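> I would like the atomic coordinates for the input below:
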Amino acid sequence: MLLHFFNSLLPENFEVVEIVRQCGAVVISARSISASANCPTCDRSSGRVHSHYLRRLADLPFQDQAAAIRLRARRFRCVDRQCVTRIFTERFPGLVLAKARRTNRLRAAQTAVGLTAGGEPGGRLSQKLTIPVSGDTLLRMVSSSVHESYPAPRIVGIDDWAWRKGQRYGTIVCDLERNRVLDLLPRTPIAEANIAAKLAAPAKAATS
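You can find the predicted model right below:
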């Protein structure tokens, strides 16, 4: 029953093998059950397994306890002899980014904490939420989320944002329709002038 419940929390093509408690954390052992994987270079599908390896991923907490996924992943041989990649690891875009050590849903939760509370305050809040992360890492996660590509915004909001609460403030620019961060800017006269110029440009274009 419990295995079925945890299976429902993972994307398709995953199977939960075991659930144990180690060092105060819930550790979920899982594996991919896909018959094949696509080469990231040539995009050819291959079912020729080369070897296996383990990935340990931090995940959202369960019942106020830290949780991790111990994922048994595979390396495949590319079937295209012209491809420069001979051996590749299978990707799990619905669960985790390549080479990442935290699941997508944990990364999204921690980024939301960083956007709401800032660096050091966000780090302290993350400890209470059982998704611990340092203030510096939170700032890097927020900054990386700013540069993800998506359609140009139509409605933009500007507000104060704390790099370090009570000491250093900047300006956050948001897409209000999609609830996404567009940029994080230091508070300087030049930066404020650039923001004013960018906001004035569409208005001038509309009246010309």
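> and the closest residue to residue 158 other than its chain neighbours, bridged to which residues?
Nearest residue to residue 158, sequence neighbours excluded (Cβ to Cβ, 6 or more residues apart in numbering): residue 173, at 5.6 Å. Every C-beta, even on glycine, is put in place using the N, C-alpha and C of the backbone. In this entry, residue 173 is beta-bridged to residue 158, residue 183, by DSSP bridges.
> For residue 173, give me its contacts.
For residue 173, the contact set (Cβ atoms under 8 Å, 6 or more residues apart in numbering) comprises 156-158, 181-185, 195.
> do the same with residue 111
So residue 111 contacts 138, 141-142, 145 (Cβ under 8 Å, 6+ apart).
> can you rerun that using 7 Å?
By Cβ atoms under 7 Å, 6 or more residues apart in numbering, the contact set of residue 111 is 141-142, 145.
> Which member of the residues you listed is positioned nearest residue 107?
Closest approach between the contacts of residue 111 and residue 107, by Cβ to Cβ: residue 141, at 6.7 Å.
> That closest one is in contact with residue 108, isn't it?
No - between residue 141 and residue 108 there is no contact under Cβ atoms under 7 Å: 9.5 Å.
> Comparing these two, which residue is more hemmed in?
Each of residue 141 and residue 108 has its neighbours counted (other Cβ atoms under 10 Å); residue 141 has more, 20 against 14.
> Name the nearest residue to the more buried one, sequence neighbours excluded.
Nearest one to residue 141, counting by Cβ to Cβ, 6+ apart, is residue 111 at 4.8 Å.
> Fine, thanks again, bye for now.
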